[in-house]
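Asks: generate coordinates for the sequence data below:
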Amino acid sequence: MNETLEKLNSAVWGAPLLASLLGTGLLYTLKLRMIQVRLPKMLIEQGKNSKDQIRTVCMSLGASMGTGNITGTASALAIGGAGAVLWMWISAFLGMSLVYAENTLSAIYGDSKLKGPMAYLSYGLGSRCLSAAFAVFCVLAAFGMGGMAQVSSFSDSLYALTGERRIITSAVIFILIAAIISGGAKRIGAAAQCLLPVAAIAYVAVCVPVIVMNHEKLPSVVSDIFSQAFGIRQAAGGFAGHAAAVGIRRGIFSNEAGLGSSPLLHSSASGDMQAQAVWSMAEVLADTLCCTLTAFTVLCACDTYSVSDSLSCLPGSFAVPFLTVLNGLFALCTVIGWYYCGETAFLHITRSKARCIFCIAYAAVSASGALFAAPTVWTISDIFNGLMAFPNILGLILLCKDVNCE
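Replies: Okay, the predicted model is just below:
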């Protein structure tokens with residue numbers, strides 16, 4: 001089964017999808033006159049945001065800043081080498097223009113009935129089929145990437161640390177997730193607003209000292225990032241292309257640019273949607289900085305591509321317990337954030353108000369991630385991510401004329 005899933009994953013994340021994501025990102029980068037470079041100025045011009053907008057930003061950023069920033073980045077380095085980092089940067093830079101376009105189109109076409117890509121695919125393109133297809137893939141991605149993959153990653157680290165029975169972990173996680181998501185967008189945003197800053201600050205506080213302690217390796221790390229992405233030797237062996245595929249895939253898994261999840265999350269805000277589009281770019285930047293922090297920490301401190309091994313050089317023996325708790329916080333932020341995406345898509349498919357049913361199903365499926373092998377869960381999540389991108393990218397290309405930057 002694993003072999004079949006890997007083949008399907010390779011087919012979904014083949015050259016056509018990667019080229020479409022990068023090409024569409026380049027298209028919008030040129031059309032919007034390098035809007036990424038003007039991001040700091042645009043953020044300053046937005047001024048103070050309402051509490052509702054800040055809560056939405058935390059929910060959206062929390063949805064993207066999950067275990068993929070830690071274990072996912074380390075996995076990308078192990079598979080694709082240091083060169084994968086450069087492709088993460090490239091996909092993030094181009095992805096910033098994509099999320100701006102997504103949120104702008106969502107603001108133009110969205111209403112109380114339809115939001116995000118489902119709105120601009122249905123109203124903008126006039127294709128209910130594409131809208132429905134996106135919704136189906138979004139629900140599957142929410143169960144996979146948003147739920148099971150996050151819980152699986154956390155439960156693996158918890159089991160390695162404590163030996164706690166996975167069924168107990170799964171039951172506790174189910175209760176915790178259900179308690180938060182049952183409160184809707186307001187409670188989800190409030191939880192993310194509390195959890196995300198704590199997790200992010202704590203992660204920076206332990207990674208930076210590790211990099212400083214190994215600062216003499218920084219020049220060689222930077223050199224490896226560029227040489228292994230474009231090096232002649234790597235290209236001859238096909239490794240450069242592998243680094244590109246892994247880096248782009250893991251980068252998108254983390255920052256979600258081009259998937260269509262960002263406008264779904266930002267559609268919950270009642271404030272200025274132009275501000276939400278600008279903030280969505282900042283979220284991609286922040287997420288990528290977190291991935292970069294992981295990459296430099298791992299590449300500077302050890303040869304095993306393990307974040308816990310990298311942190312072991314710090315005084316004391318808290319590295320593994322600390323990383324486990326941090327994984328749990330990041331995972332929870334992602335799980336509750338992606339619930340809103342999945343619920344919105346589910347209600348569009350079923351055209352009902354059966355939120356309670358989806359709430360229980362989502363909590364149960366997410367919690368079941370503690371019972372499955374992480375590689376299988378991550379492969380399934382990658383597949384659903386890719387499928388979700390296809391209709392969204394098509395909509396972004398065909399509706400390009402509607403997106404402008406004042």
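Asks: does Glu343 touch Ile360 like I think?
Replies: No - the criterion here is Cβ atoms under 8 Å, and Glu343 misses it with Ile360 at 11.7 Å. Every residue, glycine included, has its C-beta placed from N, CA and C.
Asks: the more surrounded of the two?
Replies: For Glu343 versus Ile360, neighbours defined as other Cβ atoms under 10 Å are more numerous around Glu343 (23 against 14).
Asks: run through the residues that contact that one.
Replies: 181, 355, 358-359, 362 (Cβ atoms under 8 Å, 6 or more residues apart in numbering).
Asks: show me which positions of the helix or strand hosting it end up buried.
Replies: For Glu343, the host element (DSSP states H and E) is helix 319-350. Neighbour-count burial for helix 319-350, counted by 16 or more other Cβ atoms under 10 Å, picks out 319-320, 322-348.
Asks: quick one: low-confidence ranges for the stretch 251-400 of the chain?
Replies: 268-273, 315-317, 373-374 (pLDDT under 70).
Asks: please repeat the previous calculation with a cut-off of 80.
Replies: 251-256, 266-276, 308, 312-320, 351-354, 372-378 (pLDDT under 80).
Asks: which residues in it form helices?
Replies: Along the stretch 251-400 of the chain, the stretches classed as helices by DSSP state H, counting those that start in this stretch are 261-266, 273-301, 307-311, 319-350, 355-367, 374-398.
Asks: compare those and report which one is nearest to Cys194.
Replies: With Cβ to Cβ as the criterion, Cys194 lies closest to helix 319-350 of the helices of the stretch 251-400 of the chain, at 9.8 Å.
Asks: tell me the angle of that closest one relative to helix 355-367?
Replies: Counting by axes from the mean of the first three to the mean of the last three Cα atoms, to 10 degrees, helix 319-350 lies at 140 degrees to helix 355-367.
Asks: got the contact list for stretch 111-121?
Replies: Counting by Cβ under 8 Å, 6+ apart, 102, 105-106, 108-110, 122-123, 127, 130-131, 134-135, 260-261, 263-264, 267, 344-345, 348, 391-392, 395, 399 sit against stretch 111-121.
Asks: tell me the centre residue of the protein?
Replies: Per Cα atoms, centre = their mean, the C-alpha nearest to the average position across the chain is that of Ser254, at 2.9 Å.
Asks: re the thing from before, closest to Tyr305 out of the contacts of Glu343?
Replies: Tyr362 (31.6 Å).
Asks: how far does stretch 399-406 sit from its chain's centre?
Replies: Distance of stretch 399-406 from its chain centroid, counting by Cα atoms, centre = their mean, to the nearest Å, is 25 Å.
Asks: and it, C-alpha only, in PDB?
Replies: C-alpha atoms of stretch 399-406 as PDB (Å, rounded to 0.1, in the frame of the first residue of the first chain):
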ATOM      1  CA  LEU A 399      -9.100  35.300 -13.100                       C
ATOM      2  CA  CYS A 400      -5.700  37.000 -13.200                       C
ATOM      3  CA  LYS A 401      -7.300  40.100 -14.800                       C
ATOM      4  CA  ASP A 402      -9.300  40.800 -11.600                       C
ATOM      5  CA  VAL A 403      -6.400  41.100  -9.300                       C
ATOM      6  CA  ASN A 404      -4.600  44.400  -8.900                       C
ATOM      7  CA  CYS A 405      -2.600  46.200  -6.300                       C
ATOM      8  CA  GLU A 406      -3.400  49.800  -5.700                       C
END
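Asks: residues making contact with that stretch?
Replies: 27-28, 31-33, 35, 100-101, 104-105, 108, 120, 124-125.
Asks: determine which two of these are furthest apart.
Replies: Arg33 and Leu125 (25.2 Å).
Asks: the more surrounded of the two?
Replies: The residue with more neighbours, out of Arg33 and Leu125, is Leu125; 17 against 9, by other Cβ under 10 Å.
Asks: quick one: contacts for the more buried one?
Replies: Going by Cβ under 8 Å, 6+ apart, the list of residues near Leu125 reads 395, 398-399.
Asks: tabulate those (a markdown table), appending distance to Pro375.
Replies: Shown next, in a markdown table, are these (distance: Cβ to Cβ, whole Å):
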| residue | distance to Pro375 |
| --- | --- |
| Gly395 | 32 |
| Leu398 | 36 |
| Leu399 | 37 |
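Asks: buried subset of these, written for PyMOL?
Replies: In PyMOL, a selection of the buried entries from those looks like this (16+ other Cβ under 10 Å):
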select buried, resi 395+399
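Asks: now Ala319. Nearest residue, chain neighbours left out?
Replies: In this structure, Ala319 finds its nearest non-sequential neighbour in Leu311, 3.8 Å apart by Cβ to Cβ, 6 or more residues apart in numbering.
Asks: the one you found and Leu371: what is the separation?
Replies: Leu311 sits 27 Å away from Leu371, going by Cβ to Cβ, to the nearest Å.
Asks: same check, this time on Val85
Replies: For Val85 relative to Leu371 (Cβ to Cβ), the value is 32 Å.
Asks: have a look at those two and say which one is more surrounded.
Replies: Applying other Cβ under 10 Å to Val85 and Leu371 shows that Val85 carries more neighbours, namely 32 against 15.
Asks: who does the helix or strand encompassing Pro219 touch, helix- and strand-wise?
Replies: If you go by DSSP H and E, Pro219 is part of helix 218-230. Other helices and strands packing on helix 218-230, by 3 or more Cβ pairs under 8 Å, 6 or more residues apart in numbering; DSSP states H and E, are helix 83-109, helix 239-255, helix 273-301.
Asks: how far does the last one sit from the chain's center?
Replies: It stands for helix 273-301. Counting by Cα atoms, centre = their mean, helix 273-301 comes out at 10 Å from the chain centroid.
Asks: next: the second one.
Replies: Centroid separation for helix 239-255 versus its chain: 13 Å, with Cα atoms, centre = their mean.
Asks: show me what it is packed up against.
Replies: helix 15-31, helix 71-80, helix 83-109, helix 218-230, helix 232-236, helix 273-301, helix 374-398.
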